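Colleague: sequence first, predicted model second:
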Amino acid sequence: MRAVLTTTGDEIRKVWLFDSFAGLPKPDVKNYPHDEPDRLWTFNEFLGVSVA
């Protein structure tokens with residue numbers, strides 16, 4: 001993302017990166033009912049990274 005911003009001339013915006021190294025959590029549908037159809041948490045083989 002930083003490279004894209006630099007290429008487009010944005011030298012001011014900060015880029016923050018966070019990773020759990022365990023994929024995405026299952027949606028909390030009790031508190032966020034609109035997230036119920038979200039299935040991204042099921043793709044651990046694509047989003048999770050082994051640290052070993």
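Modeller: Perfect, I can see it now.
Colleague: please enumerate residues in contact with the lengthiest helix in the chain?
Modeller: As assigned by DSSP state H, the longest helix anywhere in the chain is helix 2-7. The contact list for helix 2-7 (C-beta atoms under 8 Å, 6 or more residues apart in numbering) reads Glu11, Arg13, Val15. Just so you know, the C-beta spots here come from the backbone N, C-alpha and C atoms, and that holds for glycine as well.
Colleague: so can I have CSV of those showing pLDDT, secondary structure and neighbour count?
Modeller: Shown next, in CSV, are the contacts of helix 2-7 (pLDDT from 0 to 100; DSSP: H, G, I helix; E, B strand; the rest coil; neighbours: other C-beta atoms under 10 Å):
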residue, pLDDT, secondary structure, neighbour count
Glu11, 86, coil, 8
Arg13, 88, coil, 9
Val15, 85, coil, 11
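Colleague: for these, give me CSV that also has distance to Trp41.
Modeller: As requested, the contacts of helix 2-7 are exported to CSV (distance: C-beta to C-beta, whole Å):
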residue, distance to Trp41
Glu11, 35
Arg13, 28
Val15, 24
